[in-house]
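**Student:** test case, fold it:
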Amino acid sequence: MIKVKTLIETIGTDKFKEFLANPFEIDMLYPVSKDTSVVALFEGWKGKNMMNWHKFTDENDNILEFYTDYYMVKKTVGKLKLVTYQLPLPRTINDFINDMDRLGIDLLWGEFIDLNFEPKDYLAKDEIETYFFNLLCKMEKPNEMH
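**Tutor:** This next block holds a predicted model:
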C-alpha cells in the first residue's frame, strides 16, 4: 500500500498528470454501482449504496457521503469531536486527492497504480531514491544504486 501524494509533491510526469485529469467516479473508492468499467483506485474504503446517496468509510472511521450535487466528509478530530465538511463533487481524480489532502485524510493507492505507472510517477519527489534503494536492498544489490 502506497500513500497517495498530491500532484505537486510528485515530479509531475505527463502520463500521471493526464491520469489525474480523468473524471472522478465514486466506484474508484469502492465498487457500489453496477458499472464494471470503473476500476477501484484506492484501498481501505468500504461503500454502500443508500438508494439516493452513497456512503463510504475507511479504517480510520472517516466517512464520505456522496449526494447528487455535493459530498460530505465526516472526520473524527481528537477522541470525540466529529467535524463535517460539505464540498462540491470532485470533477477529477486530482480534485478528489487534493480535497482529501486538504482535510488530512490519508488515501492509499490500490494495485492499479503499480500495474499502470512507474514509482517515479506517483511517489513524492523525496521518496523516489529511498524507494529504489530499499528495492535494491531487498534484491541484495544495494551497491548498484549509483
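
**Student:** excluding covalently adjacent residues, which one is nearest to the residue nearest the centre of the chain?
**Tutor:** In the chain, the residue lying closest to the centroid (Cα atoms, centre = their mean) is Leu107, at 4.0 Å. Excluding the flanking residues, the one nearest Leu107 by Cβ to Cβ, 6 or more residues apart in numbering is Val4, at 3.9 Å. Quick note: C-beta positions are derived from backbone N, CA and C, even for glycine.

**Student:** just the helices in the protein please.
**Tutor:** Using DSSP state H, the helices found in the chain span residues 14-20, 93-102, 111-116, 119-122, 128-138.

**Student:** need these in a markdown table (columns: mean neighbour count, distance to Asp27 and mean pLDDT).
**Tutor:** As requested, the helices of the chain are exported to a markdown table (neighbours: other Cβ atoms under 10 Å; distance: least, Cβ to Cβ, whole Å; pLDDT from 0 to 100):
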| stretch | mean neighbour count | distance to Asp27 | mean pLDDT |
| --- | --- | --- | --- |
| helix 14-20 | 14 | 16 | 97 |
| helix 93-102 | 18 | 12 | 98 |
| helix 111-116 | 13 | 12 | 94 |
| helix 119-122 | 18 | 20 | 90 |
| helix 128-138 | 13 | 29 | 68 |
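
**Student:** Val39 is nearest to which of those helices?
**Tutor:** With respect to Val39, and counting by Cβ to Cβ, the nearest of the helices of the chain is helix 111-116 at 5.3 Å.

**Student:** can you give me the strands in the chain?
**Tutor:** 2-3, 42-43, 45-49, 54-58, 63-66, 70-77, 81-88, 108-109 (DSSP state E).
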